[in-house]
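J.: here's my sequence, what's the structure:
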Amino acid sequence: MPKQWLLAMVILLLPGNLIAQYPPVTFTDSSGRVVQITARPHRVVSLVPTVTEILMKIGAGESLLGRTHHSVLPAGLTGKQIVGGFFKPDLDQVARTDPELIFYSDLQQQVTARFEGKVQLVNLSSDS
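T.: Residues are numbered from 1 along each chain as shown. Purely as a prediction, here's the structure:
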């Protein structure tokens, strides 16, 4: 995962009192889409286990509403809604969380078909 995405995730999901000092974040995701996020998202679904783990480790767990059953680390994920698996997320369950932001992978193109234009989508696919 390129450093710019990790930096964007950290800035976006810092505790609310810290985010006020940062301007909007703009970056290009793995699909080539230019993403601009102007405010800290409070309702996030992560369909990528490594992204879920990073979100939890940077202290953004309170914003994380949904994860896949493949996301098992760190221990603080207990109680976070499971919205299917990495290879087959349950898009109806994702929609019921009413997310502001969804992190997804290239392997989950059905997410784009369902949520494009309705929810901020960020494709963060790993190169390794």
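J.: show me what contacts residue 65?
T.: The neighbourhood of residue 65, defined by CB atoms under 8 Å, 6 or more residues apart in numbering, consists of 43, 44, 45, 80, 81, 97, 99. Yep, even glycine has a C-beta here, placed from its N, CA and C like the rest.
J.: ok, residue 83 next?
T.: Taking CB under 8 Å, 6+ apart as the definition of contact, the neighbours of residue 83 are 45, 47, 66, 67, 68, 89, 90, 93, 94, 97.
J.: thinking again about what came up before, redo the contacts of residue 65 as TSV? Include distance to residue 122 and secondary structure.
T.: Compiled in TSV, the contacts of residue 65 are given as follows (distance: CB to CB, whole Å; DSSP: H, G, I helix; E, B strand; the rest coil):
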residue	distance to residue 122	secondary structure
43	14	coil
44	10	strand
45	11	strand
80	18	coil
81	19	strand
97	16	coil
99	11	coil
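J.: closest to residue 58 among the residues you listed?
T.: Minimum separation from residue 58 among the contacts of residue 65 (CB to CB) is found for residue 44, which lies at 11.9 Å.
J.: got a list of what that closest one touches?
T.: Residues touching residue 44, when contacts are defined by CB under 8 Å, 6+ apart, comprise 13, 55, 60, 63, 64, 65, 66, 99, 100, 101, 102, 103.
J.: try it again with 7 Å
T.: 55, 63, 64, 65, 99, 100, 101 (CB atoms under 7 Å, 6 or more residues apart in numbering).
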